[in-house]
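A.B. asks: Would you be able to build a 3D model of this:
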Amino acid sequence: MLIYICEELENDILQLKHFLSTFFQEKGVNLEVVSFSSGEELSEHDRQSKRQPDLLFLNYHFDSKNGIETAKELQNMGYQSAIILTVSSEETFTPAEDIKPLYYLWKPFDYSHFIHIMEQYCSITQKKQQYFSFIRKKKEISIPFADILFFETGLPHTVILHTISENVVFRGALSEVADYFHNVDNFLPVGRSFVINLNHVTGRLRNDLIMSDGSIVQIPLRKQEDVLQVVKHWKKEETP
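C.D. replies: Prediction:
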């Protein structure tokens with residue numbers, strides 16, 4: 001899970017990192033945290049990065065650019081991830097109607113308040129994560145997990161999504177897809193070319209996999225033993 005923190009004060013960054021590490025360690029989630037000291041630094045990084053964070057902690061007020069301005073700029077550039085605005089208790093602020101942060105986290109940070117917000121975030125995220133979303137021709141497309149057969153590496157900088165009804169090509173990298181499904185039990189990377197939905201594996205052809213639409217997913221030789229063991233275990237778990 002990738003989280004961004006944009007705060008002016010190093011102490012605030014360190015405290016949020018500690019809170020996040022404690023919270024997600026208990027949930028068994030691998031965590032990557034990247035911090036920024038200004039809205040300008042965050043915006044510049046977002047322009048150059050192909051990967052968006054799952055969550056952003058954004059200071060409401062900076063000396064040079066406030067959090068609302070930064071949030072608007074990010075969203076104009078296509079940013080779609082959740083935002084939590086951090087606000088000093090003594091500040092008077094008016095939330096912008098066109099920016100909808102997930103929550104406001106008050107300073108000085110209180111762990112019980114942080115836990116409450118993060119539990120709400122995880123609950124919302126779990127519901128949203130029943131769909132895989134991507135941008136194609138400037139439109140957001142969402143596909144239910146249950147309809148996904150597998151992902152396949154396409155031409156440079158593209159991924160082919162095989163579903164029960166159609167195949168869709170979108171810009172991206174298979175490594176990003178693998179990261180997205182890292183904590184979803186029924187999705188499994190197969191080498192560098194495929195990410196499969198274990199629920200749609202219907203059989204084997206020698207040491208390759210047969211999917212529910214008849215497609216063959218080739219397993220790299222060095223991965224065959226591990227992948228076939230996972231598939232066997234998953235099918236056993238499915239059997240009543």
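A.B. asks: List phi and psi for the residue of the chain most remote from its centre.
C.D. replies: No residue in the chain sits farther from the centre than R206, which is 34.3 Å out by CA atoms, centre = their mean. Torsion angles at R206 (phi, psi; degrees, to the nearest 10) stand at phi 60, psi -110.
A.B. asks: what about H113, distance to C122?
C.D. replies: With distances taken as CB to CB, to the nearest Å, H113 is found 15 Å from C122. In this view, the C-beta of every residue, glycine as well, is placed from N, C-alpha and C.
A.B. asks: Please put the alpha-carbon coordinates of stretch 12-21 into CSV.
C.D. replies: Extracted in CSV, the C-alpha atoms of stretch 12-21 (Å, rounded to 0.1, in the frame of the first residue of the first chain):
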residue,chain,number,x,y,z
ASP,A,12,4.2,15.8,12.0
ILE,A,13,5.6,13.5,9.2
LEU,A,14,7.3,11.3,11.7
GLN,A,15,4.2,11.0,13.9
LEU,A,16,2.0,10.1,11.0
LYS,A,17,4.5,7.5,9.8
HIS,A,18,4.6,6.0,13.3
PHE,A,19,0.7,5.9,13.5
LEU,A,20,0.5,4.3,10.0
SER,A,21,3.2,1.7,10.7
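A.B. asks: distance between it and the chain's centre?
C.D. replies: 20 Å (CA atoms, centre = their mean, to the nearest Å).
A.B. asks: tell me which residues in that stretch are buried?
C.D. replies: Neighbour counts over stretch 12-21 (16 or more other CB atoms under 10 Å) mark D12, I13, Q15, L16, K17, F19, L20 as buried.
A.B. asks: same deal with stretch 76-88?
C.D. replies: When neighbours are counted by 16+ other CB under 10 Å, the buried residues of stretch 76-88 are found to be Y79, A82, I83, I84, L85, T86, V87.
A.B. asks: do the same with stretch 28-38
C.D. replies: Judged by neighbour count using 16+ other CB under 10 Å, the buried positions of stretch 28-38 are V33, S35, F36, S37, S38.
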